[in-house]
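S.K.: Got a predicted structure here, sequence first:
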Number of protein chains: 2
Amino acid sequence: MKKSTVSKNVIMRMPRYLQNLSRLYREGVTRISSSELGKRMGLTPSQIRQDFSCFGGFGQQGYGYNVESLRMEIASILGVYEGYSAILVGVGRIGQSLLEFFDFEHFGYKLRAAFDVRQELIGETLRGVPVLDFKELPEFVRANDIDVAVLTTSCDEASGVADALMESGIRGIWNFTECEVNPGDTGIVVENIHLPDSLLRLGYSVREAGAAREENGANPGSDSEHA
Amino acid sequence: MKKSTVSKNVIMRMPRYLQNLSRLYREGVTRISSSELGKRMGLTPSQIRQDFSCFGGFGQQGYGYNVESLRMEIASILGVYEGYSAILVGVGRIGQSLLEFFDFEHFGYKLRAAFDVRQELIGETLRGVPVLDFKELPEFVRANDIDVAVLTTSCDEASGVADALMESGIRGIWNFTECEVNPGDTGIVVENIHLPDSLLRLGYSVREAGAAREENGANPGSDSEHA
């Protein structure tokens, strides 16, 4: 596999491919052409062929792609079969919500424990996941060879908790806090979910689209002579 | 404002600027240089100056930026003061979680109602937000001049609901479903939150980082002669 040549944009799209192929697979589709897949995903066929070529192709010219094998290949590239183990740190509202609605197992992650400092939460079990004392985290990570931490503390706590996580030997952090987590040169991977950023971008785009519409509306003349 | 020249990457960073400036403001910081701000955010000073220049600058060479006015300027660009009104469609687990933990008001959005088809939910009030019958949606959107819909239905329902939303005159969709929402040429803005995609990218990067580490570890020779 040509690791170093895979661009960030291709990696951004890989999960989309996986999700769409999984859906096709559930729908009973066995083969799909790059143009059909492109139509579903709003991409051009050549874009799709180019993306897949980064990982050594997959398809046969003129025959389309085998949905199941392509799905499994991409899932494998994305580490779904790695058997990652995970913990969640910060059992506040976002943390509890994630425990409640997010299907970690479906994406290949085994959620082993959650951690918090609040005594009233420690000892609880939420959706089968035990809530442990944050003090026990380093030992737990080492003893259980934890790969990934879901960071759902407050912003103020994020940096200190991230430091503790990095020292404990974690390999990746899924950061839901509003604060930046800086992995420095630790080699630890940080993937951010900044919900407010997304909503703010939406607000920006809505405003811009409105401004563009107004400009176009006022285009032909200064008065409504065509009305 | 030079709208059309603002790159997607700059827009991606604007909410990060806002969040960091808001934090500085809360910490009582009144002025900040591009190099200090850069250190906080993992960006170079010239990157920051370049980003801000897209919106006509803000700072004075050698004096740094006024935190409060910069914060308000960026908030304004991001539409925080537009007074957007929003609805949420699909009061399942993600929808309920969002109602529970996400502070829409803080980002300038007034959440007016939630919609679902399930009779047992209709008539409830969740965190002050009434759950209405999905049938009433088009009328409600028109009568209340709703700007944005938060889409938290299942994937299967997403496309039909999105069509209904677009017809009703909504301006933007915040899409939490796993399915693509295609706005076509409606001019409606779609901003996606695909949580699984983010987790899958994390898994990919963790695997890649591990492979890179192994390669480096096995670098000097085939045997552990330096051990």
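M.R.: Structure's in. What do you need?

S.K.: What distance do you get for A:Gly203 to chain B?
M.R.: Spatial separation of A:Gly203 from chain B under the definition C-beta to the nearest C-beta, to the nearest Å is 3 Å. Backbone N, C-alpha and C define where each C-beta goes, glycine included.

S.K.: For that residue, list the residues it contacts.
M.R.: B:Leu78, B:Gly79, B:Val80, B:Glu82, B:Tyr84, B:Phe107, B:Gly108, B:Tyr109, B:Val148, B:Gly172 (C-beta atoms under 8 Å, 6 or more residues apart in numbering or on different chains).

S.K.: Surely it is within a helix?
M.R.: Yes. Secondary structure assignment places A:Gly203 in a helix (DSSP: H, G, I helix; E, B strand; the rest coil).

S.K.: Report the buried residues of stretch A:182-202.
M.R.: A:182, A:186, A:188-202 (16 or more other C-beta atoms under 10 Å in any protein chain shown).

S.K.: Looking at those residues, which are in strands?
M.R.: Here DSSP state E is the test, and the buried residues of stretch A:182-202 give A:Val189, A:Val190, A:Glu191, A:Asn192 as lying in strands.

S.K.: hang on, the earlier thing: which of the contacts of A:Gly203 sits closest to A:Glu214?
M.R.: Nearest to A:Glu214 out of those is B:Glu82 (C-beta to C-beta; 13.7 Å).

S.K.: Show the contacting residues for the closest one.
M.R.: Counting by C-beta under 8 Å, 6+ apart, B:Glu82 makes contact with A:Gly203, A:Val206, A:Arg207, B:Gly108, B:Asp147.

S.K.: you'd agree it is in a strand?
M.R.: No. B:Glu82 is assigned coil when assessed by three-state DSSP, not a strand.

S.K.: ok, and what's touching the longest strand seen in chain A?
M.R.: Taking residue count as the measure and DSSP E as the definition, the longest strand of chain A comes out as strand A:109-116. Taking C-beta under 8 Å, 6+ apart as the criterion, the residues outside strand A:109-116 that touch it are A:83-92, A:95, A:99, A:104-105, A:122, A:126, A:129-134, A:136-137, A:140, A:144, A:146, A:148, A:150, B:199, B:203.

S.K.: And for stretch A:121-132?
M.R.: Under the contact criterion C-beta under 8 Å, 6+ apart, stretch A:121-132 has outside partners A:88, A:91, A:96, A:99-100, A:111-116, A:133, A:140.

S.K.: Distance across that stretch, terminal residue to terminal residue?
M.R.: With C-alpha to C-alpha, to the nearest Å as the measure, stretch A:121-132 spans 8 Å from end to end.

S.K.: Quick check: pLDDT value at A:Gln60.
M.R.: The score at A:Gln60 is 67. That number is its pLDDT.

S.K.: next one: A:Asp223
M.R.: What the model reports for A:Asp223 is a pLDDT of 42.

S.K.: Show me the helices in chain A, by range?
M.R.: For chain A, the helices defined by DSSP state H occupy A:8-26, A:34-41, A:45-53, A:67-77, A:93-101, A:137-144, A:155-168, A:195-217.

S.K.: what's the angle between the last one and helix B:8-26?
M.R.: Helix A:195-217 and helix B:8-26 are oriented at 120 degrees to each other (axes from the mean of the first three to the mean of the last three C-alpha atoms, to 10 degrees).

S.K.: TSV for the helices of chain A, including mean pLDDT?
M.R.: Below are those laid out as TSV (pLDDT from 0 to 100):
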stretch	mean pLDDT
helix A:8-26	91
helix A:34-41	90
helix A:45-53	88
helix A:67-77	91
helix A:93-101	92
helix A:137-144	96
helix A:155-168	92
helix A:195-217	89
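
S.K.: can I get those helices in a markdown table with distance to B:Ser7?
M.R.: Compiled in a markdown table, these are given as follows (distance: least, C-beta to C-beta, whole Å):
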| stretch | distance to B:Ser7 |
| --- | --- |
| helix A:8-26 | 14 |
| helix A:34-41 | 23 |
| helix A:45-53 | 20 |
| helix A:67-77 | 29 |
| helix A:93-101 | 30 |
| helix A:137-144 | 39 |
| helix A:155-168 | 27 |
| helix A:195-217 | 13 |
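
S.K.: looking at those, which is closest to B:Met14?
M.R.: Smallest distance to B:Met14 across those (C-beta to C-beta): 6.8 Å, for helix A:195-217.

S.K.: Distance from the chain centre to the closest one, please.
M.R.: 24 Å (C-alpha atoms, centre = their mean, to the nearest Å).

S.K.: same check, this time on stretch A:106-113
M.R.: What separates the centre of stretch A:106-113 from the centre of its chain is 14 Å, taken as C-alpha atoms, centre = their mean.

S.K.: do stretch A:124-131 as well
M.R.: With C-alpha atoms, centre = their mean as the basis, stretch A:124-131 stands 23 Å off its chain's centre.

S.K.: Stretch A:192-199 now?
M.R.: Taking C-alpha atoms, centre = their mean, one finds stretch A:192-199 lying 12 Å from the centre of the chain it belongs to.

S.K.: Can I get that stretch in PDB? Just the C-alpha atoms.
M.R.: What follows is stretch A:192-199 as a C-alpha-only set of coordinates in PDB (Å, rounded to 0.1, in the frame of the first residue of the first chain):
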ATOM      1  CA  ASN A 192     -11.400  16.700  16.500                       C
ATOM      2  CA  ILE A 193     -15.200  16.900  16.600                       C
ATOM      3  CA  HIS A 194     -15.900  20.600  17.100                       C
ATOM      4  CA  LEU A 195     -19.700  20.800  16.900                       C
ATOM      5  CA  PRO A 196     -19.900  24.600  17.400                       C
ATOM      6  CA  ASP A 197     -17.400  25.100  14.600                       C
ATOM      7  CA  SER A 198     -19.600  23.200  12.200                       C
ATOM      8  CA  LEU A 199     -22.700  25.200  13.200                       C
END
